[in-house]
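Enquirer: Here's my sequence, what's the structure:
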Amino acid sequence: MAGDRLSATLFALADPTRRGMLARLAQGDATVSELAEPYDMSLAAISKHLKVLEGVGLVSRGREAQWRPRHLEAEPLKDVWAWLDDYRRFWDRSLDMLGRHLETMKQAGPENSDR
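Expert: Numbers count the residues shown, from 1 in each chain. Predicted structure coming up:
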């Protein structure tokens, strides 16, 4: 895995289980047991996924009495968003060009649709 933060974050997001955990944490803090509920895997496997998420800074550990709820830390997602934003602009331009082309075809009429 590359040493840069974006690559590490993308690696963490590549796994559907970890993405599911982040989606759950977006609703509020949760314990390891609560995060494990929808998955058919051991708590040790869940903990390994959490270690990856914690390692890139997407999840932090709180402390409330004897339990340690996990908390979503969205800051690393800013790097992903910035990287993806270039591609969003690409698709916006492409779709705008397609829209203009379709409008031109529509104005040309059905007699020119065989091209």
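Enquirer: Quick check: pLDDT value at the spatially most central residue of the chain.
Expert: Closest residue to the average C-alpha location of the chain: Leu13 at 5.9 Å, with CA atoms, centre = their mean. Note on Leu13: pLDDT of 97.
Enquirer: Quick check, Ser60 in contact with Arg70.
Expert: Yes: if you go by CB atoms under 8 Å, Ser60 and Arg70 touch, sitting 7.2 Å apart. Just so you know, the C-beta spots here come from the backbone N, C-alpha and C atoms, and that holds for glycine as well.
Enquirer: neighbour count winner among these two?
Expert: Shown here are Ser60 and Arg70; by other CB atoms under 10 Å, Arg70 has more neighbours (23 against 15).
Enquirer: So that one sits against Ala30, correct?
Expert: Yes: Arg70 is within contact range of Ala30, at 5.9 Å (criterion: CB under 8 Å).
Enquirer: one step back: verify the contact between the residue nearest to the centre of the chain and Trp81 for me.
Expert: No: contact criterion CB under 8 Å: Leu13 and Trp81 do not qualify, at 11.7 Å.
Enquirer: counting contacts, what elements does the longest helix along the chain pack onto?
Expert: Longest helix of the chain, by residue count under DSSP state H: helix 77-108. Other helices and strands packing on helix 77-108, by 3 or more CB pairs under 8 Å, 6 or more residues apart in numbering; DSSP states H and E, are helix 5-13.
Enquirer: Just the buried residues of the helix it packs on, please?
Expert: With burial defined by 16 or more other CB atoms under 10 Å, the residues of helix 5-13 counted as buried are Ala8, Thr9, Leu10, Ala12, Leu13.
Enquirer: What helices and strands are in contact with it?
Expert: The contact analysis (3+ CB pairs under 8 Å, 6+ apart) places helix 5-13 against helix 16-25, helix 43-55, helix 77-108.
Enquirer: Relative to Glu64, which of these is closest?
Expert: Taking CB to CB, helix 16-25 is the member of these nearest to Glu64, at 15.1 Å.
Enquirer: ok, then the element right after the closest one?
Expert: Following helix 16-25 in sequence order, the next helix or strand is helix 32-36 (DSSP states H and E).
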